[in-house]
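S.K.: I'd like to go over a predicted model; first the sequence, then the structure.
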Amino acid sequence: MSTPIPTNRRQTPYTKSLPKERLPEWIKSSLGKVSQIENVQSLVKKNRLHTICEEARCPNRGECYAAGTATFLLGGSICTRSCAFCQVEKGKPPETVDMLEANRIADAVHQLGLRYVVITSVARDDLPDHGASLFKDTMRAIRRVNSNIAIEVLTPDFWGGYSNIKEALKAQRERLSLVLASQPVCFNHNLETVERLQREVRRGATYERSLGLLKMSREIAPSIPSKSGLMLGLGERREEIIQTLKDLRSVNCQQVTLGQYLRPSLAHLPVQHYWTPKDFKEFGDIASELGFKKVNSGPLIRSSYHAEEN
């Protein structure tokens, strides 16, 4: 595992910072068909659902909707973590879980004619199983509607609830096993950034813990591909990106996405650097050389972008 690299970069409070420059010319989203976007948005609103596509204002949502894919957000719209890059609302979720959410998602999937579905969730550290059963129930509901729909899961780390490390690891494995037993076509958990920037970017999560979860997924279900994603532009250095890719391969992670971090608002971390398309191609080539079976690398790549192309 890599050792944190010291930095002399002055840390400015992100709530008072502004991005260093205007968006470069290569940051252009693919809008897709307006009618398709409106169709999905209308159905999501009607069914009282949440998608990470809308909550995080993904720049590719129009293209994905038109391609028959969408990423649904489980557990409501309020996250118990407070990551400094994320647009999703933070705070205390309602004490009761919406037991009909899975069925409404399945109905929406059917009405939209989706062929590939990604389901993710807000962090629900308040629940005994940290939301693992939400994934299981939603996959079951979707397959009742159409057993041929491919389902990818993008999960939180399922960590917490115990002060004893041994007990915490046992609980994490049980939660992960519950999700993987439903046989998703891919298991995704994002590292988000390099080791040195984890505390600043991912509050409540750690680099080692996330690598451990990815390793655990391969041990529990070796037939299910594992995947992770990185946001670039938060102040990481080239050698740190390469080391992170090596660390992911060390736990047999098989797929990776690399995309440019874009600041959602002035209340979020500022962009420190815009990596060029040439840079992303270089990182993508390095990832392929390291042995990743699928690599998606580009300024507007997100963890669910072209997920159906497994």
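M.R.: Structure received.

S.K.: what about the helices in the chain?
M.R.: Using DSSP state H, the helices of the chain run over residues 34-46, 52-55, 61-66, 101-112, 132-145, 165-180, 198-201, 207-220, 238-250, 277-290.

S.K.: which one of the ones you listed has the poorest average confidence?
M.R.: Of all the helices of the chain, mean pLDDT reaches its minimum on helix 52-55 (a mean of 56).

S.K.: re earlier: tabulate the helices of the chain (CSV), appending mean neighbour count and distance to residue 79.
M.R.: In this view, the C-beta of every residue, glycine as well, is placed from N, C-alpha and C. As requested, those are exported to CSV (neighbours: other CB atoms under 10 Å; distance: least, CB to CB, whole Å):
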stretch, mean neighbour count, distance to residue 79
helix 34-46, 15, 18
helix 52-55, 22, 10
helix 61-66, 23, 19
helix 101-112, 20, 16
helix 132-145, 20, 13
helix 165-180, 17, 17
helix 198-201, 18, 14
helix 207-220, 19, 16
helix 238-250, 18, 24
helix 277-290, 16, 28
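
S.K.: so which of these gets nearest residue 90?
M.R.: The closest of those to residue 90 is helix 52-55. By CB to CB, the value is 11.8 Å.

S.K.: which one of the helices of the chain lies closest to residue 303?
M.R.: Short answer: helix 52-55, nearest of the helices of the chain by CB to CB, at 9.1 Å.

S.K.: so which of the helices of the chain gets nearest residue 269?
M.R.: helix 198-201 (6.7 Å).

S.K.: re the thing from before, I'd like the helices of the chain laid out as TSV, including distance to residue 298.
M.R.: Shown next, in TSV, are the helices of the chain (distance: least, CB to CB, whole Å):
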stretch	distance to residue 298
helix 34-46	21
helix 52-55	18
helix 61-66	13
helix 101-112	26
helix 132-145	28
helix 165-180	28
helix 198-201	20
helix 207-220	22
helix 238-250	14
helix 277-290	5
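
S.K.: now for the ones you listed, which one comes closest to residue 25?
M.R.: Proximity to residue 25 (CB to CB) singles out helix 277-290 among those, at 10.3 Å.

S.K.: residues near residue 97, how many?
M.R.: By other CB atoms under 10 Å, 18 other residues sit near residue 97.

S.K.: oh, that last question was meant for residue 251, not what I typed.
M.R.: Around residue 251 there are 19 residues (other CB under 10 Å).

S.K.: pretty sure it contacts residue 215?
M.R.: Yes - at 3.8 Å, residue 251 and residue 215 qualify as touching, with contact defined as CB atoms under 8 Å.

S.K.: thinking again about what came up before, nearest to residue 151, of the helices of the chain?
M.R.: Once the helices of the chain are compared by CB to CB, helix 132-145 is nearest, at 5.4 Å.

S.K.: what residues does the closest one touch?
M.R.: Outside helix 132-145, the residues that touch it by CB atoms under 8 Å, 6 or more residues apart in numbering are 72, 74-75, 97, 101-103, 105-107, 109-110, 117, 119, 121, 124, 149, 151, 153, 155, 158, 175-176, 178-179, 181-184.

S.K.: now stretch 276-285
M.R.: Under the contact criterion CB under 8 Å, 6+ apart, stretch 276-285 has outside partners 24, 26, 232, 241-242, 245, 258, 260, 275, 295-299, 301.
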